[in-house]
Every structure is written in structure tokens, then in C-alpha cells.
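Visitor: Sequence first, then the predicted structure, then my questions.
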Amino acid sequence: MLFYGWEKRCLDEKGRLKLPKSIRQRLGPEVVIIKKGKKLFIYPGWYKAIFKPSRIFLGIFDKEGRIKFPLRLIKDFIGKWIILKGRGEYIEISPRNKVNYSEIRVKEAWALHKKGLSVICDADKKEIFLKL
């Protein structure tokens, strides 16, 4: 039940993350979400007995295999574009500072600009860098 590797992902408009069935099976039906700094960590549900209840959020996968994160964690800490990293017994979620053109729309770029983020396009690599 170990998690390794990394993958770029994008949360949907409702703050949900879809995970592959193989990962969901290893995590179980319920997960523990912990916030540390600008990162989130997902542990299998049985870890809730280890951590203090005041420091965790519980998540349950829906029938589509998505887990919904509390809105305040998305807005204040990770944002829409994320990187998943397998860290052995848990999964680390950290914000991404660049995304592919296919992942961002003009409307989203404008919303980011209004929040104080500069959106810089790199035409050669077809990526967009998000800078404060």
C-alpha cells in the first residue's frame, strides 16, 4: 500500500479531484486530509485514529471516484492546478506554478489576474507560468 511517483492534476470547478481506481482501492473509501503550510496530505482513512481530530478533514469518494476538498483549503492553500506526489504511505498535494495551455481558459486567466497573479505565456513550450 505504498504510493510513489508524481502526476500533474487539475481540480474541477467544484473542487473535486478524481483519482484512479487503483489508488482509491489502496486508500479505502474514506481518507484523511491534513493541511501543512501550502500543502495537503492524503492518508488512508484508518489514519484518523493517529492524528488529532481538530487537525484533519475527512473525505469520502463519490461514485465517480472523486474526492471533494473543503473549499477554504482550495482557495487559501492549493488552488486549482496541483501536483500529486506519492510519499510512501501518503499522497502529497502541492500547488503548481505552471500549467499547459489546454488547462487554462481566458476567463480563468483573467480571474487569476484580478487576484494579483501575473499570467505569463511561454509560446515555445505551450505553458503558462503563474507568478505572484
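Guide: Ah, there it is.
Visitor: list the contacts for Arg16?
Guide: 62, 66-69 (Cβ atoms under 8 Å, 6 or more residues apart in numbering). Every residue, glycine included, has its C-beta placed from N, CA and C.
Visitor: quick check, nearest of these to Gly88?
Guide: Using Cβ to Cβ, Ile67 is the member of those that sits closest to Gly88, with 19.5 Å.
Visitor: which helices and strands does whichever strand or helix holds that closest one pack with?
Guide: Ile67 is part of strand 66-68 when elements are defined by DSSP states H and E. Helices and strands touching strand 66-68, as assessed by 3 or more Cβ pairs under 8 Å, 6 or more residues apart in numbering; DSSP states H and E, comprise strand 16-18, strand 56-60.
Visitor: what's in contact with it?
Guide: 12, 14-19, 31, 42, 59-62.
Visitor: State the distance from the nearest residue to Ser94 once chain neighbours are set aside to Lys85.
Guide: Nearest residue to Ser94, sequence neighbours excluded (Cβ to Cβ, 6 or more residues apart in numbering): Lys39, at 4.8 Å. Lys39 sits 9 Å away from Lys85, going by Cβ to Cβ, to the nearest Å.
Visitor: Which neighbours do those two have in common?
Guide: 92-94.
Visitor: Neighbour-wise, which one of those leads?
Guide: Highest neighbour count within the shared contacts of Lys39 and Lys85, by other Cβ atoms under 10 Å: Ile93, with 22 neighbours.
Visitor: what is the closest residue to that one other than its chain neighbours paired to in the beta sheet?
Guide: Using Cβ to Cβ, 6+ apart and skipping the chain neighbours, the partner closest in space to Ile93 is Leu40 (4.2 Å). Note on Leu40: beta-bridge partners Lys35, Ile93, judged by DSSP bridges.
Visitor: wouldn't Leu40 be in contact with Tyr90 here?
Guide: No: checked against Cβ atoms under 8 Å, the pair Leu40 and Tyr90 is beyond contact range at 10.1 Å.
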